[in-house]
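**Student:** quick check, what structure comes out for this input:
(chains A and B)
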Number of protein chains: 2
Amino acid sequence: MCEASAYIITDGEPKLIMESVDVAVPTEEGELKLINIFGEQRFIKGAIESLSLVDHKIFIRETGAAL
Amino acid sequence: MCEASAYIITDGEPKLIMESVDVAVPTEEGELKLINIFGEQRFIKGAIESLSLVDHKIFIRETGAAL
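**Tutor:** Residues are numbered from 1 along each chain as shown, chains lettered A, B, ... in the order given. I've put the predicted structure just below:
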C-alpha cells in the first residue's frame, strides 16, 4: 500500500502526528482533514507543505493551534 | 514504488501535469517544485491542495500562471 506518515513542522522540527495516511484534504473551516487506511480521521489547523512519497512522508505546516 | 501522479486543478478540473512524482517541495520564489522518480523536475505556480495516496494522486491548486 502507498500510504504515508504525516508530520507537522513545529519550530522547524517534524513531529509525527498520524501514520498510514491515505487522504489529506482541506475543509471549509480552513483545516486539513487526514484520513488513514483504517478510516481514522484527524483535523489539523495546517496545510500540506511538502511531500517525499518514496520515503512515505507528508509534511504539514501549522496554520493555527488545533492539535 | 509509491510515487503519484500530479494534477493541477484548473477551473475545477484536474489536469495531469506529471507522473511518477516522488517529491513536491515549495521554493523560495513561491513556486512548487515537483521531482519524479527519474529525477525530472518541474516548477509550478501552485501549492499542494489535497492527496489521495492509495489512488496515487496529488492535487495542486494554481497560485499563478507558470505552466
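**Student:** how about the residues of chain A near chain B?
**Tutor:** Chain A comes close to chain B at residues A:1-4, A:21-26, A:37, A:47-54, A:56, A:58, as judged by Cβ under 8 Å from any Cβ of the partner chain. No exception for glycine: its C-beta is placed from N, CA and C like everyone else's.
**Student:** three-state assignment of residue A:48?
**Tutor:** Using DSSP: H, G, I helix; E, B strand; the rest coil, the structure places residue A:48 in strand.
**Student:** isn't it up against residue A:63?
**Tutor:** No - with contact defined as Cβ atoms under 8 Å, residue A:48 and residue A:63 do not form a contacting pair (10.7 Å).
**Student:** re earlier: so of the residues of chain A next to chain B, which ones are in strands?
**Tutor:** Among the residues of chain A next to chain B, the ones falling in strands (DSSP state E) are A:4, A:21-26, A:47-52, A:58.
**Student:** what about residue A:48 and residue A:63, which has more around it?
**Tutor:** The neighbour comparison of residue A:48 against residue A:63 (other Cβ atoms under 10 Å in any protein chain shown) goes to residue A:48, with 26 against 13.
**Student:** which of the residues of chain A next to chain B are buried?
**Tutor:** Among these, the ones that count as buried by 16 or more other Cβ atoms under 10 Å in any protein chain shown are A:2-4, A:21-24, A:26, A:47-54, A:56, A:58.
**Student:** run through the residues that contact residue A:31.
**Tutor:** When contacts are counted by Cβ atoms under 8 Å, 6 or more residues apart in numbering or on different chains, residue A:31 touches A:43-46, A:64, A:66.
**Student:** make a markdown table from the residues you listed and add neighbour count to it.
**Tutor:** Formatted as a markdown table, the contacts of residue A:31 follow (neighbours: other Cβ atoms under 10 Å in any protein chain shown):
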| residue | neighbour count |
| --- | --- |
| A:43 | 13 |
| A:44 | 23 |
| A:45 | 16 |
| A:46 | 25 |
| A:64 | 10 |
| A:66 | 14 |
